[in-house]
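Colleague: Mind folding the following:
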Amino acid sequence: MFSKRILAVAAAGCAALAGFAVTPFAEAATGRAVTALTYDLGDTAFPIPDSDGAAELRGVVRFPSRLPAGKLPLVLLLHGQNRSCALTEGDATWPCPAGVPEFPSYRGYDYLGEALARDGFVVVSIAAGGINHFMGVSPQRAALINKHLALWERFTSTGGGDLAGRFTDLATGRAAKPPLRGHVDLTRVGTLGHSVAGEGVMRHASDKYRGDWPPGVRVRGVVPIASRYFNYDNIDDDGVSPDRDVSGVLVTGMPFAVVSATCWGSGDEAYFRNARGRTQQPAFLVRLVAGNHNHFNTVWSDATDFPNGDDSTCPADPRRPSAQAQRDFAVTYLRAFYRMALKGDHSGEPVLTGARSVPGVNTEHEHLP
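Modeller: Numbers count the residues shown, from 1 in each chain. Modelled structure (predicted):
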């Protein structure tokens, strides 16, 4: 019985990964081949701050197979709260019990990593199964981001550090040596956090906590997507948190974009409202009308035996986009944002402001300043 529970969820997650194909956007058709590698420093390599537990240091990285001259910006993706292990009932331990694979939430953004890598970014999606097991919130998730960025700064600047010799080709499983030394600019970093990780990336990027960034790292753009906002009960009618100290998630030193899925909730709009009158940097809010929280992550959305795969609060809304249309929108919107924030390319800004629509979805937009 135990093994059946494992196999059902693990097989569903693998099927979601295997069956996904990146839609060929006309805008994104750069013709670049992409290299995909994984790295794994172990299930307990990261002592979780303010916790007795430890988490994994694991990720998947994508980059153009033919590296251009100069350095590429890096985008780091972090998933939100979900099960840690491939079980249909609660996780008993971390690391996962013997014979039980992890629930690969970090692989749910493969489609996005592929598209951004084709666009000339190095894209790292990191695992947070241990963080999820120990119920880590924004301070722990921000610390995990900093740890990965420190590893990448050391590896890409010197070729050494803990990442050296730890890469595996995603397709073949063979050891790989990524030729990234001198080709990644860690002073042009973008971050994305989905669900509860949205608060994690906003804390990490906030004016208050940017001093925690590793030496040699500078974040220049951040996106919470279908995010949680834990001051939700204190938001007034205008979506502002009037009575609480919001400095821990207030971002005024860089561009940011809030992607809100309305069939999940609107509390995340407070990140945008809190910046009104406080930032001179570009800030964007897009409401994906009838958007679904889980559809941004293919492992959460497409695993048919995963009981919470479709978590929409308005499944009968006729404006509801398909899962594919929602992910197509995410790729188009996020390409535009990271091009602007990390490369200074404003050609996609009409997508960010809503002046140019994206097929297959209904959206509402605001922007600052």
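
Colleague: rest of the way, CA atoms for contacts and neighbours
Modeller: OK.

Colleague: what residues does the helix or strand Arg188 falls within touch?
Modeller: According to DSSP states H and E, Arg188 maps onto strand 184-194. Strand 184-194 is contacted by residues 71-80, 122, 149, 152-153, 156, 198-201, 216-227, 338, 341-342 when judged by CA atoms under 8 Å, 6 or more residues apart in numbering.

Colleague: Of those residues, keep whichever come out buried.
Modeller: Buried by 16 or more other CA atoms under 10 Å: 71-80, 122, 149, 152-153, 156, 198-201, 217-227, 338, 341-342, out of those.

Colleague: where does the stretch 101-250 of the chain dip in pLDDT?
Modeller: Residues of the stretch 101-250 of the chain meeting the criterion pLDDT under 70: 231-243.

Colleague: List phi and psi for Phe284.
Modeller: For Phe284, the backbone dihedrals (degrees, to the nearest 10) come out as phi -130, psi 140.

Colleague: now the helices: where do they sit in the protein?
Modeller: 2-19, 110-118, 129-133, 138-158, 196-205, 269-275, 298-302, 323-343, 349-353 (DSSP state H).

Colleague: Can you name the residues that contact the residue most central in space within the chain?
Modeller: Closest to where the C-alpha atoms of the chain average out (CA atoms, centre = their mean) is Leu77, at 2.9 Å. Leu77 makes contact with Tyr109, Val123, Val124, Ser125, Ile126, Thr191, Leu192, Gly193 under the criterion CA under 8 Å, 6+ apart.

Colleague: what pairs with it across the strands?
Modeller: Note on Leu77: beta-bridge partners by DSSP bridges are Ser125, Leu192.

Colleague: What does the pLDDT read for it?
Modeller: Among the per-residue scores, Leu77 shows a pLDDT of 99.

Colleague: Look up how far Trp264 lies from it.
Modeller: 20 Å (CA to CA, to the nearest Å).

Colleague: Ok, Val223 next?
Modeller: For Val223, the distance to Trp264 - CA to CA - is 17 Å.

Colleague: Retrieve the pLDDT associated with Thr30.
Modeller: Looking at Thr30, the pLDDT reads 52.

Colleague: Same question for the one 3 residues further on.
Modeller: Note for Ala33: predicted pLDDT of 97.

Colleague: Apart from its neighbours in sequence, what residue is nearest it?
Modeller: Once flanking residues are discounted, Ala33 sits nearest to Ser65: 5.5 Å by CA to CA, 6 or more residues apart in numbering.

Colleague: Report the contact partners of the one you found.
Modeller: By CA under 8 Å, 6+ apart, the neighbours of Ser65 are Arg32, Ala33, Val34, Thr35.

Colleague: do the same with Leu285
Modeller: Ala257, Val258, Val259, Ser260, Glu269, Phe272, His365, Glu366, His367.

Colleague: Was I right to think the second one contacts Asn274?
Modeller: The one in question is Val258. No - Val258 is beyond contact range of Asn274, at 11.9 Å (criterion: CA atoms under 8 Å).

Colleague: Pick out whichever of the two has more residues nearby.
Modeller: Val258 (25 against 20; other CA atoms under 10 Å).

Colleague: which residues touch the more buried one?
Modeller: Contacts of Val258 (CA under 8 Å, 6+ apart): Val223, Pro224, Ile225, Asp268, Glu269, Tyr271, Phe272, Phe284, Leu285, Val286.

Colleague: Can you tell me how far the second one is from Thr353?
Modeller: For Pro224, the distance to Thr353 (CA to CA) stands at 17 Å.

Colleague: Please apply the same query to the third one.
Modeller: Counting by CA to CA, the gap between Ile225 and Thr353 amounts to 16 Å.

Colleague: Then the last one?
Modeller: Val286 sits at a distance of 8 Å from Thr353 (criterion: CA to CA).

Colleague: same question, the fifth one
Modeller: Taking CA to CA as the measure, Glu269 falls 15 Å from Thr353.

Colleague: Looking at the two, which one has more neighbours?
Modeller: Glu269 (25 against 18).

Colleague: My read is that the more buried one contacts Ala261, right?
Modeller: No - the criterion here is CA under 8 Å, and Glu269 misses it with Ala261 at 10.1 Å.

Colleague: My read is that Val123 contacts Arg62, right?
Modeller: Yes - assessed by CA under 8 Å, Val123 is found in contact with Arg62 at 5.2 Å.

Colleague: C-alpha coordinates for stretch 203-222, CSV please?
Modeller: Output of stretch 203-222 as CSV, limited to C-alpha atoms (Å, rounded to 0.1, in the frame of the first residue of the first chain):
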residue,chain,number,x,y,z
ARG,A,203,12.2,39.8,1.3
HIS,A,204,15.4,38.8,-0.5
ALA,A,205,15.1,41.8,-2.8
SER,A,206,13.9,44.3,-0.2
ASP,A,207,15.7,47.4,0.6
LYS,A,208,15.9,46.2,4.2
TYR,A,209,17.7,42.8,3.5
ARG,A,210,19.7,43.5,0.4
GLY,A,211,22.8,43.7,2.7
ASP,A,212,22.5,40.0,3.1
TRP,A,213,23.3,39.3,-0.6
PRO,A,214,26.6,37.4,-1.1
PRO,A,215,29.7,39.5,-2.1
GLY,A,216,29.7,40.0,-5.9
VAL,A,217,26.0,39.5,-6.3
ARG,A,218,23.5,42.2,-7.2
VAL,A,219,19.8,41.6,-7.8
ARG,A,220,18.2,43.9,-10.4
GLY,A,221,14.7,42.5,-10.9
VAL,A,222,12.2,40.4,-8.9
